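Asker: The following block contains a protein sequence and its predicted model.
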Amino acid sequence: MGTVNISREAERKIHEELKYLKEIKRPQVLIALQEARRKGDLSENGEYDAAKEEQRIIQNRINHLEVMIRNVSILDDQNISSDKAYIGARVDLHDLDSDEDVYYILVHEVEADFKNRKISTSSPIGKTLLGKGVDDVVEITVPKGTLRYRILKISR
């Protein structure tokens, strides 16, 4: 995994999730495993299998978060471009089909929150906007069809 560019808020959320998984969720699964073991034959014990699978998923997520933390680069106003659309930037757009203006904030997938207009740079819209400049026209294929935008402004 390369550098993970995120905000301080996203870094805080990652640390909170990691703490929750390690201190609350993983111990709960261990208790469930112990209870399932007490029921006897593990070869036909669905509860045991489910708990083992949950344990695997939680450990994979913990590993993923720990790798992310080791590769974090905190974005601040000094390292966010304002001439091209990059992670951390607010991109104001004009929808060429509906004649309406809209904006998105480009973020790492851990920060994505569509309700608050924060879209992941790995999403179709985010990927297409990356590296584009003011007055560029972009066409983005999404499940509902094709969106056509003109970039009005890029800001921090």
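Answerer: That came through, no problem.
Asker: List the buried residues in stretch 138-146.
Answerer: Val138, Ile140 (16 or more other CB atoms under 10 Å). For the C-beta atoms, the positions are set from N, CA and C on the backbone; glycine is no exception.
Asker: quick one, phi psi at Lys39?
Answerer: phi -80, psi 0 (degrees, to the nearest 10).
Asker: need the contact list for it.
Answerer: Lys39 makes contact with Asn45, Glu47, Tyr48 under the criterion CB atoms under 8 Å, 6 or more residues apart in numbering.
Asker: What separation is there between it and Ile57?
Answerer: Distance of Lys39 to Ile57, given as CB to CB, to the nearest Å: 22 Å.
Asker: and if you look at Arg38?
Answerer: According to CB to CB, Arg38 stands 23 Å off from Ile57.
Asker: Which residue of the two possesses the greater neighbour count?
Answerer: Legend: neighbour count by other CB atoms under 10 Å for Arg38 and Ile57, higher for Ile57 (12 against 8).
Asker: For the helix or strand in which the more buried one is found, buried residues please.
Answerer: Using DSSP states H and E, Ile57 maps to helix 46-70. Across helix 46-70, burial judged by 16+ other CB under 10 Å covers Tyr48, Ala51, Lys52, Glu54, Gln55, Ile58, Ile62, Leu65, Met68.
Asker: Just put these in CSV and tack on pLDDT and distance to Val138.
Answerer: Formatted as CSV, those follow (pLDDT from 0 to 100; distance: CB to CB, whole Å):
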residue, pLDDT, distance to Val138
Tyr48, 85, 51
Ala51, 89, 47
Lys52, 91, 46
Glu54, 95, 41
Gln55, 96, 43
Ile58, 97, 39
Ile62, 96, 37
Leu65, 94, 32
Met68, 90, 29
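Asker: Export these as CSV, with columns for distance to Arg117.
Answerer: Shown next, in CSV, are those (distance: CB to CB, whole Å):
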residue, distance to Arg117
Tyr48, 44
Ala51, 39
Lys52, 40
Glu54, 33
Gln55, 36
Ile58, 31
Ile62, 30
Leu65, 25
Met68, 23
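Asker: Is Asn5 part of a helix or strand, or is it coil?
Answerer: strand (DSSP: H, G, I helix; E, B strand; the rest coil).
Asker: same check, this time on the one 4 residues further on
Answerer: Under three-state DSSP, Glu9 falls in the helix class.
Asker: Can you tell me the closest non-neighbouring residue to it?
Answerer: Excluding the flanking residues, the one nearest Glu9 by CB to CB, 6 or more residues apart in numbering is Glu111, at 7.4 Å.
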